[in-house]
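S.K.: sequence first, then the predicted structure, then my questions.
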Amino acid sequence: MTETDYARAELEATRKWAVEELEAARARATRLREGGESYNHALQSIDQLTRTVDSIDYMLGRVSFAIEEDAPKSTEPEVTEPEVSKPEPEPEKPARVVDLAEVRTKAKAARDAGVKLAEIWATFNATKLSEVPHEKYGDVLDMLEAKLKELDG
């Protein structure tokens, strides 16, 4: 086992542990919904573990890159196939930045129109909006708008 293989295996084991801890912290936070210091501590643990998993994913990508760079180059001549023009992929649209106030306003309008908000929150493994990760607010807003369109249609 090379040094990079060992590093990768160690990172993957650490990532697995961090993901398990993250899931356990989320479960604790769900049980502590009443609020208070314990709830805030659980939320801090979730944030910290999420950052840890993100960092490990980043490092795993760097280890993979290092392995690719260290791979021996082939001495055989490269056979090139005739170039076939492929349609260019559409550029990814930038992530939609949505703030909590905007989502709350749309959620209130949807609730007043008869939309069952619990169904939308459940899509994100939450029981209320404050449990939905902020990076998913754009998706929540899209779902709320779609539900409102269904009711108007």
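M.R.: Structure's in. What do you need? Predicted model only: the values in this text are computed from it and were never measured.

S.K.: report the separation between the most centrally placed residue in the chain and Val115.
M.R.: For the chain, Glu135 is the residue whose C-alpha lies nearest the centre (C-alpha atoms, centre = their mean; 7.6 Å). Here Glu135 is placed at a distance of 22 Å from Val115 (C-beta to C-beta, to the nearest Å). C-beta: built from backbone N, CA, C; applies to glycine.

S.K.: same deal with Asp54?
M.R.: 33 Å.

S.K.: in this protein, which spans are helices?
M.R.: For the chain, the helices defined by DSSP state H cover 3-31, 37-70, 100-113, 117-123, 137-152.

S.K.: can I see the domain layout of the chain?
M.R.: 3-70, 100-152 (automatic domain parsing).

S.K.: tabulate the ones you listed (TSV), appending mean pLDDT.
M.R.: Below are the domains of the chain laid out as TSV (pLDDT from 0 to 100):
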stretch	mean pLDDT
domain 3-70	75
domain 100-152	89
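
S.K.: number of nearby residues for the spatially closest residue to Val98 that is not a sequence neighbour?
M.R.: Sequence neighbours aside, Tyr137 is the residue nearest to Val98 in space, at 4.0 Å (criterion: C-beta to C-beta, 6 or more residues apart in numbering). Residues within reach of Tyr137, counting by other C-beta atoms under 10 Å, total 21.

S.K.: can you check Lys147 too?
M.R.: 19.

S.K.: again with Ala126
M.R.: By other C-beta under 10 Å, neighbour count at Ala126 equals 17.

S.K.: need phi/psi at it.
M.R.: Reported as degrees, to the nearest 10, the phi and psi values for Ala126 are phi -130, psi 160.

S.K.: ok, it - contacts?
M.R.: Val132 (C-beta atoms under 8 Å, 6 or more residues apart in numbering).

S.K.: separation between it and Ala29?
M.R.: 11 Å.

S.K.: pLDDT at Pro89, what is it?
M.R.: pLDDT for Pro89: 66.

S.K.: spatially nearest residue to Asp57 (excluding sequence neighbours)?
M.R.: Per C-beta to C-beta, 6+ apart, closest to Asp57 is Arg15, 7.1 Å.

S.K.: swap in Ala109?
M.R.: Leu148 (6.9 Å).
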